[in-house]
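>>> Need a 3D model of the following:
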Amino acid sequence: MSSFSKTIVVFIAGLASCLPLPAQSPLAQILQSTPAANAPPKTGVDPLGRETPYGTVFGFLQAAQAGNDGIASQYLQLSPARRQAQGDALAMKLNVAMNRAFSGNLRPSRQPEGTPQEDVSPDRQKLGTLVSGHTEVDLELVRVSDPNVGKIWLFSAETLSKIPDLYDQIQARRVETRLPAWVVKHELAGMPLWQWFALLLLIPVAAVAGWLLLVVVHIPVRWWAAKHGQPALVQWQSVSAPEWLLAGTIAHRILASYLGMPLLQRHYYLQLTAVLVVVGANWILWRVIRWLLRRVRNRALSRGHAGTGSLMLLAERLVKAAVFVMAVFTILGILGFNMTTALAGLGIGGLAIGFGAQQTIANLFGGVSVLGDEVIRVGDVCRFGDRTGTVEDIGLRSTRVRTEERTLLAIPNGTVATINVENLSRRDKMLFKTVLALHSKTPADHLRYVLSQVRQVVDGHPKTEKTSIRVRLIELTPASINVELVCYILTQDFNEFAEVREDLLLRIMNLVEDSGTTLASPSQTLYLSQDSGSNKDKIKAAVKQITEQNEGTARNSGKND
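Here you go, the predicted model:
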């Protein structure tokens, strides 16, 4: 199915969902309790729900659109005699006027006292205006005292006095006179069939209008981006779908405003389109945030700031979650839920969650701390306590590490922030340290020769740091003569370090063998050896040379003193 077809299907489903179903909306639940006209009222409780402006407006609309003009007249400020004589007709005319000529935002207050309005007395509420031709009428409610139920809200007498003239203007301008009678006469969910057909026909029209609008907007943007060498700004296709949804919804809403839908159905329609606008806008915002943060992350990685790049991943998830929560609360507010109570409940629930999820919150802030300090980053080889592995991901709750055994280790971020973490990948050079355990029967001359030759072997290797080389006799034991070898290998790659270490150890092993001695055995063995004459003479000559060098060094030091 193409994107265009999907958009049409979603929009039709949305229009169908805006039908006034009493069992599914808070408004319908209030209006559902409207009793029959002859039901005896209860003292102190209005059975018609007129205690608030909200109950009066929607109670009247539901009763009038259901054809119960007698009940609808109970919402009008009329004397008993006039209500009996003209109430039904006036209720019908007011309903037609509200459906055809209402201009404003139908959001009456849910509070018994109403909402304070500028230049309006406290006992009145202005809902909007009724406009037809050159006739304009303020739609107002007034709060009066009822002897049976106390304070209630009614449509004011000033508004009702102008309704007959407004009704005549509306009837003279009705488009239904030019349509087939059957599409005007028959209704679906309180709205004539011709208006339903018009809404459906406007869907492809609005989709085409939205697409044309996007094409017109994209042309100068693409031209400017190409002229200034900003190819990243040309990536508008990533937000084309939400842009189309947003533009098409706005176009449909503008075109539908000329249909003159009944006020109650118009209210549901405006709620639906407002929800689609919020979805489209937050969809665009979601993708723009993802594009911007990933661009920042790639730039940070290209500059070698891997910690900042990892932090951008965490920031992207947090910002996306915030955008989603904001969209949900906005949609709930559009649907008429009391967001003050919801936000208060969210605050209390947040405190409860905070106490109950302290460790989770600690892990979250631990992850931010680790990424902010750039102690570790994705791809680093690190040692966490007694475990070593490669960091694969730093999430909201934990850091995932691939161990040397190829298992996946998940460490809570709170733990990572508190334990000693050793980053092996950040070494500028690698330490080579070993102890040569020579045979305990090795003569001193042989030992001096071995020490000298080992220094030469290590110093002659191109990958060793010359200033850090240390070859010293450190210990004499009955089992062995221990020589410590310490130096730094100039590499950050462990494989290269292992190769250099292996080369040095093999050279030292050959050197020890050539010197006529051996490495000590961990077990007790019978040691029999006989030095060859040639090796013995060679060693004596080398030792004599070393001794003379040492004596010359000592004499030079004495002269300097």
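
>>> Closest to the centroid, which residue in this structure?
The residue lying closest to the centre of the chain (CA atoms, centre = their mean) is Lys320, at 1.5 Å.

>>> wait, Phe384 sits on Asn423?
No. Applying CB atoms under 8 Å as the test, Phe384 and Asn423 come out as separate, 10.2 Å apart. The way it works is simple: take the backbone N, C-alpha and C, and place the C-beta from them, glycine included.

>>> Tell me which of these two has more neighbours.
Shown here are Phe384 and Asn423; by other CB atoms under 10 Å, Phe384 has more neighbours (20 against 15).

>>> how far away is the more buried one from Thr418?
Separation of Phe384 from Thr418 (CB to CB, to the nearest Å): 11 Å.

>>> Which strands or helices does the helix or strand encompassing Thr415 pack on?
Using DSSP states H and E, Thr415 sits in helix 413-416. Other elements packing on helix 413-416 under the criterion 3 or more CB pairs under 8 Å, 6 or more residues apart in numbering; DSSP states H and E are helix 358-373, strand 398-403.

>>> Check the offset of that helix from the chain's centre.
22 Å (CA atoms, centre = their mean, to the nearest Å).

>>> what about that helix, average pLDDT?
Mean pLDDT, helix 413-416: 77.

>>> got it, and stretch 517-526?
Averaging pLDDT along stretch 517-526 yields 64.

>>> And the residue nearest to the centre of the chain, which helix or strand is it part of?
Short version, using DSSP H and E: Lys320 is in helix 306-334.

>>> Look at Thr442 and give its secondary structure.
Classification of Thr442 using DSSP: H, G, I helix; E, B strand; the rest coil returns coil.

>>> Report the contact partners of Phe60.
Ala72, Tyr75, Ala91, Leu94, Asn95, Phe155 (CB atoms under 8 Å, 6 or more residues apart in numbering).

>>> What strand or helix carries the fifth one?
This means Asn95. Going by DSSP H and E, Asn95 is part of helix 80-101.

>>> And that helix, what does it pack against?
By 3+ CB pairs under 8 Å, 6+ apart, helix 80-101 packs against helix 53-65, helix 69-72, strand 124-132, helix 163-172, helix 263-302.

>>> Please look at Leu436 and Val486 and confirm they touch.
No. Counting by CB under 8 Å, Leu436 does not reach Val486; the two are 11.6 Å apart.

>>> on that earlier part again, just the helices and strands packed on helix 80-101: most buried one?
Compared across these, helix 53-65 shows the largest average neighbour count, a mean of 24 (mean count of other CB atoms under 10 Å).

>>> Helix, strand, or coil at Thr388?
strand.

>>> helix, strand or coil for Glu113?
In terms of secondary structure, Glu113 is coil; the call rests on three-state DSSP.

>>> how about it, what does it touch?
Glu113 neighbours (CB under 8 Å, 6+ apart): Pro122.

>>> which of Leu436 and Val486 has more neighbours?
Set Leu436 next to Val486 and count neighbours by other CB under 10 Å: Leu436 wins out with 22 against 15.

>>> Dihedrals phi and psi, the more buried one?
phi -90, psi 110 (degrees, to the nearest 10).

>>> need the contact list for it.
Counting by CB under 8 Å, 6+ apart, Leu436 makes contact with Val450, Val454, Asn482, Val483, Glu484, Leu485, Ile508, Val512, Leu519.

>>> Find the helix or strand that the second one is a member of.
Using DSSP H and E, Val454 falls within helix 444-460.

>>> looking at this protein, which helix or strand does the model trust least?
helix 26-32 (a mean of 37; mean pLDDT, DSSP states H and E).

>>> The residue lying closest to Glu243 once chain neighbours are set aside: neighbour count?
Nearest in space to Glu243, with sequence neighbours left out and distances taken as CB to CB, 6 or more residues apart in numbering, is Leu214 at 5.5 Å. Leu214 has 18 neighbours, counted by other CB under 10 Å.

>>> any idea how far Ile284 is from Leu214?
Leu214 sits 12 Å away from Ile284, taking CB to CB as the criterion.

>>> Give me the common contacts of these two.
Common neighbours of Leu214 and Ile284, using CB under 8 Å, 6+ apart, are Glu243.

>>> What ranges does the stretch 101-250 of the chain have for its helices?
Ranges of helices within the stretch 101-250 of the chain are 157-161, 163-172, 181-185, 193-227, 240-256, based on DSSP state H, counting those that start in this stretch.

>>> and those, which is most packed in?
Comparing the helices of the stretch 101-250 of the chain by mean count of other CB under 10 Å gives helix 240-256 as most buried, with a mean of 20.

>>> ok now that one, how far from the chain's centre?
On CA atoms, centre = their mean, the centre of helix 240-256 falls 25 Å from the chain's centre.

>>> Which other helices and strands does it contact?
Short answer (3+ CB pairs under 8 Å, 6+ apart): helix 240-256 packs on helix 3-17, helix 193-227, helix 263-302.

>>> What residues does Leu264 make contact with?
Contacts of Leu264 (CB under 8 Å, 6+ apart): Pro20, Phe58, Leu61, Gln62, Gln65, Asn99, Gly190.

>>> hmm, back to that, comparing the helices and strands packed on helix 413-416, which gets the lowest mean pLDDT score?
For the helices and strands packed on helix 413-416, the weakest mean pLDDT is recorded on helix 358-373, namely a mean of 63.

>>> if we can go back for a sec, please name every helix or strand in contact with the helix holding Val454.
By 3+ CB pairs under 8 Å, 6+ apart, helix 444-460 packs against strand 430-439, strand 470-476, strand 480-489, helix 494-514, helix 533-560.

>>> go again using 7 Å as the cut-off
Using 3 or more CB pairs under 7 Å, 6 or more residues apart in numbering; DSSP states H and E, the elements in contact with helix 444-460 are strand 470-476, strand 480-489, helix 494-514, helix 533-560.

>>> and these, which one's lowest on average pLDDT?
What stands lowest among those, in mean pLDDT terms, is helix 533-560, with a mean of 62.

>>> I figured Ser156 was touching Leu141, is that so?
Yes. The criterion here is CB atoms under 7 Å, and Ser156 meets it with Leu141 at 6.4 Å.

>>> Need the residues touching each of the two.
Arg124 (CB atoms under 7 Å, 6 or more residues apart in numbering).
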